[in-house]
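Participant: Fold the following for me, if possible:
(chains A, B, C and D)
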Protein chains: 2
Amino acid sequence: MSTQTSNLRPSGHRAADFVVTAIEGRIAAGELADGAPLPPERDLIESYGVSRTVVREAVATLASRGLVETRPRFRPVVRRPGFDAAMAAASGVVGHLLMQSGGVKNLYDTRIFLEAALVRQAALQARKDDIEALRRALEANGEAIPDSDAFYRTDVAFHAVLYEIPRNPVFPAIHRAFTGWLAPQWTRMPRSPERNRMNFQRHSDIYNAIRDRDPDAASDALTAHLNAAWEYVRGTFDEA
Amino acid sequence: MSTQTSNLRPSGHRAADFVVTAIEGRIAAGELADGAPLPPERDLIESYGVSRTVVREAVATLASRGLVETRPRFRPVVRRPGFDAAMAAASGVVGHLLMQSGGVKNLYDTRIFLEAALVRQAALQARKDDIEALRRALEANGEAIPDSDAFYRTDVAFHAVLYEIPRNPVFPAIHRAFTGWLAPQWTRMPRSPERNRMNFQRHSDIYNAIRDRDPDAASDALTAHLNAAWEYVRGTFDEA
DNA sequence: CTTGCTGTTTGGTATGACCAAAAATGTGTA
DNA sequence: TACACATTTTTGGTCATACCAAACAGCAAG
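Facilitator: Model (predicted):
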């Protein structure tokens, strides 16, 4: 007859979800600023009138959503989410997808598609400083031809410039996610200065097309570049 | 063979992470098939030699990664992750992003960009049955003009066809994610048969351009369509 | 075969305890 | 005073036990 627990939280829902949304609200409201540590679990117990079990479950949920960052035995740190956090949240699942048949191919095709559209757009409306940034990235890429490790970094940086041209923070986040997901495949590819030189040539083609304001040529060059890279690495997969 | 119960989990790591990866492996190996219920928590305790706290934390992590589906008081159900699961994992963060300044705009611009590229591609290489599917979707959309609710559904369905044309499962997943994220904004938009008729006209333009194999016209029609919709709803935001 | 009841299973939560590492505090020396 | 070192307190990670309520499985009655 007497209610055993006298809590101030709405019953019927899961207590953990209640705590999650409550903390989410405090983050969104700015009460818990970016970089600040989360209150100790034992404080949260008192604040929300729940058990430590619930608090820990809630913190784990927040962590997997990218709203807080947990390291073993450290206070969780609040992270105001950016588009990168969204990608990070998805990456756990994507890792599984990549191991399924055709998963890598589907993702890589998506990248080709998106990037081809990016260079087309870039050819149409890249600003002077965009093209200059692209030129510098290309130059650095060319100088790194003898060093395959440096070439990889400058390669990624070159493509990164393409994602920055629209000035929409979603695109750089997508690029970082792509490179992170596909890096394991890439590193299995044998590298050599000769291949670097070939890829640099492709990069030059893309740059020239954008500089010359030729969207079709830019799109074609990008597609050819990435498709060639795929053909080169496809042998390393056991897929039909 | 004999179930190895020699659970010597590496110390230094978190026990919960250990359990998570172990269950992930069982899912990836197919031992836990899609749709099957997860073993009871009390069984997992014995299997991995950890406390129930750890098991619950692990299950919560798996749930937030989209590998299992939990409903209150039901056995968690294993879900072989698809690209939709990846999007679902990201949606928690995206919800926060949408509330930040410019978040909706950035995401919507991304959608316009992607969809414009899709219709361009569709104009170039859509198959006969693709165009036929698009025509049927357009027809249904036209018939739903008087009913704003039905119009919204057929509107989404029309755009969905565009995402299916590349036959890459990533794109439909992206579409579902977009519509899910942006639906709250859309539903705030006042709807009327007149606006429906206008949107239907835009859809017709897109369809005609694809049917006529005119990539530029298709891309322009799509961009005009979505930009017009944005202009129509922007008044509902308190953004500069 | 269906319907309805009943005991069992199982997830959700609470409580208390212990450990180890981090953070905070105190202390002695230069 | 300033700084390095030792000690106490805090705090996250884990374990064990217990209880409740809803889902589930089995059985009896219709």
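Participant: quick one: low-confidence ranges for chain A?
Facilitator: Along chain A, segments meeting pLDDT under 70 span A:1-13, A:98, A:101, A:235-240.
Participant: check contacts around the most centrally placed residue in it.
Facilitator: Chain A has residue A:177 as the residue nearest its centroid, 2.4 Å off, counting by C-alpha atoms, centre = their mean. In this structure, residue A:177 makes contact with A:84, A:87-88, A:90-91, A:94, judged by C-beta atoms under 8 Å, 6 or more residues apart in numbering or on different chains. C-beta coordinates here come from the backbone N, C-alpha and C atoms, glycine included.
Participant: same question, residue A:103
Facilitator: residue A:97.
Participant: hmm, back to that, distance check, the residue nearest to the centre of chain A against residue A:40.
Facilitator: 33 Å (C-beta to C-beta, to the nearest Å).
Participant: Show me how far the helix or strand harbouring residue A:90 is from its chain's centre.
Facilitator: With the criterion set as DSSP states H and E, the secondary-structure element containing residue A:90 is helix A:83-99. For helix A:83-99, the distance from its own C-alpha centre to the chain's C-alpha centre is 8 Å (C-alpha atoms, centre = their mean, to the nearest Å).
Participant: In it, which of the residues would be classed as buried?
Facilitator: Residues of helix A:83-99 classed as buried by neighbour count (16 or more other C-beta atoms under 10 Å in any protein chain shown): A:83-98.
Participant: Grab the two from these that are most spread out in space.
Facilitator: Pairwise distances across the buried residues of helix A:83-99 (C-beta to C-beta) peak at 21.6 Å, for the pair A:83 and A:96.
Participant: Which secondary structure state does the closest residue to residue A:14 other than its chain neighbours sit in?
Facilitator: Beyond its immediate neighbours in the sequence, the residue positioned closest to residue A:14 (C-beta to C-beta, 6 or more residues apart in numbering or on different chains) is residue B:72, lying 5.7 Å away. For residue B:72, the secondary-structure state derived from DSSP: H, G, I helix; E, B strand; the rest coil is coil.
Participant: Nearest residue to residue A:47 in space, ignoring adjacent ones along the chain?
Facilitator: In space, residue A:47 is closest to residue A:39, 7.2 Å off (C-beta to C-beta, 6+ apart).
Participant: ok, how many other residues are close to the one you found?
Facilitator: Around residue A:39 there are 17 other residues, counting by other C-beta atoms under 10 Å in any protein chain shown.
Participant: For it, grab phi and psi.
Facilitator: According to degrees, to the nearest 10, the main-chain angles of residue A:39 amount to phi -60, psi 150.
Participant: what's the answer for the one 10 residues further on, then?
Facilitator: The phi and psi values for residue A:49, taken as degrees, to the nearest 10, are phi 60, psi 40.
Participant: From DNA strand C, how far off is it?
Facilitator: Computed as C-beta to the nearest atom of the strand, to the nearest Å, the residue A:49 to DNA strand C distance reads 7 Å.
Participant: could you pull out the helices for chain A?
Facilitator: When assigned using DSSP state H, the helices of chain A occupy the ranges A:15-28, A:41-48, A:52-64, A:83-99, A:103-125, A:128-143, A:148-164, A:170-187, A:193-211, A:215-233.
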